Structure formats: C-alpha cells, structure tokens
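**Student:** Generate coordinates for the sequence data below:
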Amino acid sequence: MAVAPPGNQSDPGALDRRKEIKMAATAQSTTNKTRERNGSASGSDTELATEVEALRDDINAITDRLGKIAGAGAKSARSHRDATARSLRDKTDELIEDLTHQVAVLERKAGVNVRRNPVKSMAIAAGAGFLVALLMRR
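**Tutor:** Numbering: from 1, shown residues only. As a prediction, this is how the structure comes out:
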C-alpha cells in the first residue's frame, strides 16, 4: 500500500483555513488599493454619502415623473374609452331606430296585402303553420 508523502496530505479543515486567509488578504488588499485611489477614507465616505443622496433624489424624481406619466396615460385611456362608448351607443340607437322604422313599413305593407288578397294570405299562413308544426314534431 502506497503512502502519500507528508507534503501532499490534505487536511480539509486546514485547506479551508488557508482559503479563508487568502480571501481575507485579497479583500484587505483591495480595500487598501481603493482607499489609496480615492484619497482619504473620511473624504471619500462623505463624497460617497453625497452621491448616494443625490442618486436617491434622482430616483425619487424619476418615480414621481413616471407616476405622473402613468396617471396622464390612464386619464387619456379613460377619455378615449368614454368617447368610444358614447359613439357606439349613438350608432346603436340609430340602428335600432332605423330597424324599428323598417319593421313598421313592412307591417303596413303586409296589412295592405292581407286586405287585398285575404284568401292567398290565409293559405300562406296555413302553409307556414304546417311547416312549423312539422319542424316542432321532430
């Protein structure tokens, strides 16, 4: 049985500790480099806080503007919907009035034809009744 040399033996706990130490060193190095690049820590913190506050104000302004735009769009949509509904109601009323007039005209013509040809009208009515009776039976 072959035994691994002592340098290659790996302790899982030791490996994790080494990774943590390396990550902490990298984080500290990055923090130091950032502070050097930005100048003193207190000055950059103040500038950062000022920029964050300005961004918050900008976001609030954008949110308010979008709310106003959405409200205007909804108002416009409601106006358009109401105008369309009125137009449809007017057209429907016109169609109903026209159909009522046409039915009245047909009723008058039918009445005139029944008076002129009573026997023919009775035969047509009897035939129509017979057809309806046949259809209802099935």
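**Student:** Give me the mean pLDDT for stretch 131-138.
**Tutor:** Stretch 131-138 carries an average pLDDT of 91.
**Student:** meant to ask about stretch 57-71
**Tutor:** On average, stretch 57-71 scores 89.
**Student:** continuing past the lengthiest helix in the chain, what's the next helix or strand?
**Tutor:** If you go by DSSP state H, the chain has its longest helix at helix 41-116. Per DSSP states H and E, the first helix or strand lying C-terminal to helix 41-116 is helix 118-137.
**Student:** returning to that earlier point: and the longest helix of the chain, how far out from the chain's middle?
**Tutor:** Computed by Cα atoms, centre = their mean, to the nearest Å, the chain-centroid distance of helix 41-116 equals 15 Å.
**Student:** Give me the angle between that helix and helix 118-137.
**Tutor:** Angle, helix 41-116 to helix 118-137, by axes from the mean of the first three to the mean of the last three Cα atoms, to 10 degrees: 130 degrees.
**Student:** Output the contacting helices and strands for helix 41-116.
**Tutor:** helix 12-38 (3 or more Cβ pairs under 8 Å, 6 or more residues apart in numbering; DSSP states H and E). Just so you know, the C-beta spots here come from the backbone N, C-alpha and C atoms, and that holds for glycine as well.
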